[in-house]
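[1] Let me see the structure of the following:
(one chain, ligands or ions: 1)
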Amino acid sequence: MLTVALIIFAWLEPLHAFSSTEITSSSPAAGTGIRIRRLEADTNFLFPTNAKRLTEFLMDVTYGECRPFSSAWAQRAVIDATARSELYSRLAYYQKELILDENGAVSSGSGAIFIAEDEENNCELVGFVDIGASLWDSKQRMFQLPMNDDNLKRRASIELVPYVSNLVVDTRVRRRGIGKRLMEACDAEVTGWRTKCATNSISLEVTLTNQVALDFYRAMGYVIAKGSSSTPGTEMKREGDSFRMEDVQRCLMQKELMQSSSP
Ligand SMILES: CC(C)(COP(=O)(O)OP(=O)(O)OC[C@H]1O[C@@H](n2cnc3c(N)ncnc32)[C@H](O)[C@@H]1OP(=O)(O)O)[C@@H](O)C(=O)NCCC(=O)NCCS
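    Numbering: from 1, shown residues only. Prediction:
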């Protein structure tokens with residue numbers, strides 16, 4: 001699992017503009033002027049514009065900005081570089097697996113990062129989410145994209161399931177339905193994978209102390225997976241001028257997608 005903000009996290013100015021295509025939802029709804037889009041992969045590993053922007057957003061929203069030349073600022077340089085590299089790899093993997101039909105609509109894929117942009121404010125990034133067809137190892141209780149290790153796929157305890165991670169919305173625009181719309185984009189994406197995944201239910205993990213996220217996911221129709229116990233993990237915390245890892249317990253939540261009546 002990526003859970004970029006929660007694991008060991010850490011480049012330069014962009015070569016090309018921050019780009020994203022394929023509007024998945026353009027209705028103004030509650031978040032007026034907010035557009036949800038699939039984010040394209042970066043084309044240059046040395047100048048990963050999109051991955052860089054996601055990383056900075058995620059880190060700033062989650063941990064706050066750091067005073068230049070402080071120890072937190074130095075730690076963040078390393079954390080951001082790791083996160084950028086991970087996000088770059090994920091975007092590249094998703095793009096490689098993406099198949100469009102003759103109308104340019106998604107006909108098959110293995111994942112996506114959807115972003116929310118404020119059209120009334122220079123398309124400022126205000127949220128994003130990651131959905132990937134991930135390998136679920138029920139023994140190790142771990143989700144992982146099948147992009148690096150083909151051997152994983154051969155183990156009996158492992159199956160491919162839709163997995164949501166890295167959902168974050170800017171604190172300034174929360175409770176305006178943006179998180180909901182990002183999750184709806186994930187639902188729509190997964191609908192195209194049904195033949196690929198072992199299940200049509202979407203999985204995610206939440207830290208048990210993250211009451212807001214638990215409430216949000218319940219409101220989105222997710223329930224704690226039957227018979228699942230909590231899983232130990234670690235989470236990055238900021239304490240004043242430094243970051244540290246903290247032990248946490250996570251629970252597995254799932255939502256069964258409605259079967260489409262159309263063929
Ligand atoms: C969780 C998060 C993404 C929700 O985004 P959001 O855009 O504020 O959520 P929405 O406005 O779409 O909320 C949809 C529903 O979820 C529930 N909900 C959302 N935030 C809630 C809160 N703080 N308390 C209780 N319920 C909440 C409500 O039922 C809400 O509907 P309502 O506003 O009509 O009552 C956002 O709070 C966030 O970025 N949190 C920090 C990152 C995080 O914890 N991510 C999850 C990691 S597992």
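[2] Kindly confirm whether my reading is correct that Trp136 touches Tyr163.
    Yes. In this structure, Trp136 is within contact of Tyr163 by Cβ atoms under 8 Å, at 7.2 Å. From N, CA and C alone the C-beta is placed, and that goes for glycine too.
[3] State the distance from Trp136 to Ile158.
    To Ile158, Trp136 is 7 Å away according to Cβ to Cβ, to the nearest Å.
[4] pLDDT below threshold where in the stretch 101-250 of the chain?
    Applying pLDDT under 70 to the stretch 101-250 of the chain picks out residues 148-157, 194-195.
[5] residue of it with the smallest distance to the ligand?
    Here the residue of the stretch 101-250 of the chain nearest the ligand is Gly179; by Cβ to the nearest ligand atom that distance is 2.6 Å.
[6] re the thing from before, so which of Trp136 and Tyr163 has more stuff around it?
    Tyr163 (25 against 22; other Cβ atoms under 10 Å).
[7] Contact residues of the stretch 101-250 of the chain facing the ligand?
    Within the stretch 101-250 of the chain, the positions adjacent to the ligand are 167-169, 174-180, 206, 210, 212-213, 215-216, 219 by Cβ under 6 Å from any ligand atom.
[8] which ones among those are found in helices?
    Among those, the ones falling in helices (DSSP state H) are Ile178, Gly179, Lys180, Val212, Ala213, Asp215, Phe216, Ala219.
[9] what about burial for those, which qualify?
    Ile178, Gly179, Lys180, Ala213, Phe216 (16 or more other Cβ atoms under 10 Å).
[10] how near is Thr171 to Gly127?
    Thr171 sits 10 Å away from Gly127, going by Cβ to Cβ.
[11] who's more crowded, those two?
    Counted by other Cβ under 10 Å, Thr171 and Gly127 do not tie: Gly127 has more neighbours, with 26 against 11.
[12] thought the more buried one was touching Gly179?
    Yes. Gly127 is within contact range of Gly179, at 6.8 Å (criterion: Cβ under 8 Å).
[13] Give me the common contacts of the two.
    Common contact partners of Gly127 and Gly179 (Cβ atoms under 8 Å, 6 or more residues apart in numbering): Leu167, Val169.
[14] Phi and psi next, for the closest residue to Arg141 other than its chain neighbours.
    Leaving aside its sequence neighbours, Arg141 sits nearest to Thr231 (Cβ to Cβ, 6 or more residues apart in numbering; 4.8 Å). Dihedral pair for Thr231: phi -120, psi 130, per degrees, to the nearest 10.
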